[in-house]
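Enquirer: starting from these lines, generate the structure:
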Amino acid sequence: MDSAPFEPDVIVVGSGLAGLVATHELASAGRRVLVVEQENRKNLGGQAFWSLGGLFFVDSPEQRRIGIKDSLELAAQDWYGSAAFDRLDDEDLWGHRWAQAYLAWAAGGKRDYLRALGHRVMPTVGWAERGDGSATGHGNSVPRFHLTWGTGPRLVETFTDPVLAAEAHGLVRFAFRHQVDELVTDAGAVVGVRGSVLTPDDSERGVRSSREVVDTFEERADAVVVTSGGIGHNHDLMRANWPTERVGPAPEHLISGVPAHVDGRMLHIAEQAGGRIVNRDRMWAYTEGIHNWAPVWPDHAIRILPGPSSMWFDANGRRLTGMSGVPGADSIGSMKQILAAGHDYSWFVLTQSIIEKEFALSGSEQNPDITGRDLTFLLRSRLAKGAPGPVEAFKEHGVDFVAADTLPELVEQMNAIARGPQLDADDLERQIAARDRELANPFTKDVQVMVMHNARKSIVDKVVRVAKPHRILDAAHGPLVAVRLNILSRKTLGGLQTDLDSRVIGTDGSPVPGLYAAGEVAGFGGGGVHGYNALEGTFLGGCIFSGRAAGRALARPTKDS
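Expert: Modelled structure (predicted):
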């Protein structure tokens, strides 16, 4: 940190997306901000940098342009059906209020706010979390996943650019490699931070850095905004809070969709300063995780973003049922079926035709054409025959992928990498053949095949996302492919309870003076804006909305100013 004197008005803990947004809002209002970050400058933007940059908009021009009819009323029906808030007089009190406010923003000013900062989205709209089969239950009724042109890195730049400009003008200062160990309080109010200075470490973004302490520090300000993220790489804490009764036993084998520094330390630190943590048992882990063959951080995992056509089997070789058995439809429902089988992994069985059309990988680094904003490369890579390069690389090098010309050969390879039961090729063939028979007509009683036909009514899905329905055992669409799917840690849905100004609520129900929180550490707003289920594209937006709320609340003139 620069040794020249700097007296901040506000301290922001964490330089991820929520922290950058709060800092941008504060600096825009002329406030002096000290950003305290335990990693180095290369990690600006935190987890958002690694994301696809997906954002949830309601009734957007992009939706209307491709014939999607959306509305605030439909989005609210989907959100509340998914959230299933059931603690409205206590832990869900503020999360529910945040949901109301966020939905109105997603249908109103969110897109204009970002566009004014130079942000743009792709003209296509994705259909994530397609639902549990009920109009009033979980899931998106229509496509709402708007992909940032430039993915996560560009979304991060949207806020780093003005924040770095503010740094150049002396309004913002960064304290990198400063780890907060304590919130300083005085007469019940939070007035600063105290912690450890870590040894300089110039490691690349996301790489586990040294925790060696070389000094201590203390900084004071009128308020502190905690934006330190969730618990996604703290597997012990995840297992301790795992909703066993609701979802099933905690996975023994977990892989990480976030870097090692996403450890949840600040939750406990904020709690010690008087903040209240709610909805600890709510988290968003994915069932379609695969081990990264070129890892950046320990246990580095990538999520497959699947289309609806792969057949899904539990570790015992039983096909998943209902909408929860449709890839990309109902994450929590799928998790329940997988864990109920007594193991923490499952299988996709598909064809080369399906992998070419339907497999996408989460992460900015897995989508170099969109991340690099290279239109020529995008058209060449997405419209060319064969799977996108990163997908083919995983198919060739990934430990979770196997391929064969015949089903018995495929099952033999699946059994070689199974962490549990050995699969029976005849039993698997019987189940696959049964679904294959349902493809002789454009109508069917098989739920998954219904979803496949329904998905292709969306022009985007038909052209770029969903394979033409075909029999899995049709050799013309081979070779056969199987993927071992692992549980991947990602988002914390609970956290510090906050009001609509991002003020942290204390155990007595009133705000803790001087303490604010935004982003994942606050459950993306209120300690759990998503309730039990997320609709996707809502995490980054939650960071932006809650960081914006914190920054604007602290930037307002006080009665004394």
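
Enquirer: can you give me the helices for the stretch 101-250 of the chain?
Expert: Under the criterion DSSP state H, counting those that start in this stretch, helices of the stretch 101-250 of the chain are mapped to 110-115, 151-168, 235-241, 244-247.

Enquirer: most packed of those?
Expert: Most buried of these by mean neighbour count (mean count of other Cβ atoms under 10 Å) is helix 151-168; its value is a mean of 21. From N, CA and C alone the C-beta is placed, and that goes for glycine too.

Enquirer: point out where this protein drops to low pLDDT.
Expert: Low-confidence regions of the chain, defined by pLDDT under 70, span residues 1-3, 379, 381-384, 559-561.

Enquirer: longest strand in it, please.
Expert: strand 480-492 (DSSP state E).

Enquirer: that one pairs with which strands, parallel or anti?
Expert: Applying DSSP bridges to the sheet, strand 480-492 is found paired with strand 254-256 (parallel), strand 283-291 (antiparallel), strand 345-351 (antiparallel), strand 401-404 (antiparallel).

Enquirer: may I see the buried residues of whatever helix or strand comes next after the last one?
Expert: Translated: strand 401-404. Once the chain leaves strand 401-404, the next helix or strand it forms, by DSSP states H and E, is helix 407-417. Buried residues in helix 407-417, defined by neighbour count with 16 or more other Cβ atoms under 10 Å: L407, L410, V411, M414.

Enquirer: on that earlier part again, how far out from the middle of the chain is the longest strand of the chain?
Expert: Averaged C-alpha coordinates place strand 480-492 at 14 Å from its chain's average position (Cα atoms, centre = their mean, to the nearest Å).

Enquirer: again, but for stretch 350-367
Expert: Centroid displacement of stretch 350-367 relative to its chain, using Cα atoms, centre = their mean, is 18 Å.

Enquirer: may I see the strands paired with strand 480-492 arranged in a markdown table, with mean neighbour count and distance to V193 as well?
Expert: Conversion of the strands paired with strand 480-492 to a markdown table gives the following (neighbours: other Cβ atoms under 10 Å; distance: least, Cβ to Cβ, whole Å):
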| stretch | mean neighbour count | distance to V193 |
| --- | --- | --- |
| strand 254-256 | 23 | 27 |
| strand 283-291 | 23 | 26 |
| strand 345-351 | 24 | 41 |
| strand 401-404 | 20 | 45 |
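
Enquirer: same list (the ones you listed) but as TSV, adding distance to L540.
Expert: As requested, the strands paired with strand 480-492 are arranged in TSV below (distance: least, Cβ to Cβ, whole Å):
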stretch	distance to L540
strand 254-256	19
strand 283-291	13
strand 345-351	26
strand 401-404	29
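
Enquirer: what's the closest of these to A518?
Expert: A518 lies closest to strand 283-291 among the strands paired with strand 480-492, at 17.8 Å (Cβ to Cβ).

Enquirer: could you name the helices and strands sitting against the helix or strand just after the closest one?
Expert: Counting by DSSP H and E, the next helix or strand C-terminal to strand 283-291 is strand 301-305. Applying 3 or more Cβ pairs under 8 Å, 6 or more residues apart in numbering; DSSP states H and E, one finds that strand 301-305 makes contact with strand 283-291, strand 360-361, strand 480-492.

Enquirer: looking at the ones you listed, spot the one closest to A240.
Expert: Once these are compared by Cβ to Cβ, strand 283-291 is nearest, at 11.2 Å.

Enquirer: output the closest one as CSV, restricted to C-alpha atoms.
Expert: Taking Å, rounded to 0.1, in the frame of the first residue of the first chain, the C-alpha atoms of strand 283-291 are listed here in CSV:
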residue,chain,number,x,y,z
MET,A,283,-26.0,-23.1,-1.0
TRP,A,284,-25.8,-23.6,-4.7
ALA,A,285,-23.6,-26.5,-5.7
TYR,A,286,-23.7,-27.9,-9.3
THR,A,287,-24.1,-31.6,-10.2
GLU,A,288,-22.4,-31.3,-13.6
GLY,A,289,-18.9,-30.7,-12.5
ILE,A,290,-15.8,-32.0,-14.3
HIS,A,291,-12.1,-32.0,-13.2
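
Enquirer: how far away from the center of its chain is it?
Expert: Taking Cα atoms, centre = their mean, the mean C-alpha location of strand 283-291 is offset from the chain mean by 10 Å.

Enquirer: now the angle between strand 301-305 and that strand, please.
Expert: 100 degrees (axes from the mean of the first three to the mean of the last three Cα atoms, to 10 degrees).

Enquirer: still on that earlier bit, got JSON lines for the helices and strands packed on strand 301-305, with distance to R239 too?
Expert: JSON lines is the format used below for the helices and strands packed on strand 301-305 (distance: least, Cβ to Cβ, whole Å):
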{"stretch": "strand 283-291", "distance to R239": "11"}
{"stretch": "strand 360-361", "distance to R239": "26"}
{"stretch": "strand 480-492", "distance to R239": "10"}
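
Enquirer: of all those strands, which lies closest to H261?
Expert: Closest to H261 of the helices and strands packed on strand 301-305, according to Cβ to Cβ: strand 480-492, at 13.7 Å.

Enquirer: that closest one versus helix 407-417: what angle between them?
Expert: Interaxial angle of strand 480-492 relative to helix 407-417 (the same axes, to 10 degrees): 40 degrees.

Enquirer: name the element L20 belongs to?
Expert: For L20, the element it lies in under DSSP H and E is helix 17-28.

Enquirer: okay, that helix in CSV with CA atoms only?
Expert: Taking Å, rounded to 0.1, in the frame of the first residue of the first chain, the C-alpha atoms of helix 17-28 are listed here in CSV:
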residue,chain,number,x,y,z
LEU,A,17,-17.5,-7.4,-8.4
ALA,A,18,-19.6,-6.2,-5.5
GLY,A,19,-16.6,-4.4,-4.0
LEU,A,20,-15.8,-2.7,-7.3
VAL,A,21,-19.4,-1.6,-7.8
ALA,A,22,-19.6,-0.1,-4.3
THR,A,23,-16.2,1.6,-4.8
HIS,A,24,-17.3,3.0,-8.1
GLU,A,25,-20.5,4.4,-6.6
LEU,A,26,-18.6,6.0,-3.7
ALA,A,27,-15.9,7.5,-5.8
SER,A,28,-18.4,8.9,-8.3
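
Enquirer: that helix: what's the following helix or strand?
Expert: Downstream of helix 17-28, the next assigned helix or strand under DSSP H and E is strand 33-37.

Enquirer: quick one: which of the buried residues of helix 407-417 is nearest F85?
Expert: F85 lies nearest to M414 out of the buried residues of helix 407-417, by Cβ to Cβ, at 40.3 Å.

Enquirer: for the closest residue to that closest one other than its chain neighbours, give me its contacts.
Expert: Nearest residue to M414, sequence neighbours excluded (Cβ to Cβ, 6 or more residues apart in numbering): A482, at 5.0 Å. A482 makes contacts with W347, F348, V349, L350, F401, V402, A403, L410, Q413, M414, as judged by Cβ atoms under 8 Å, 6 or more residues apart in numbering.
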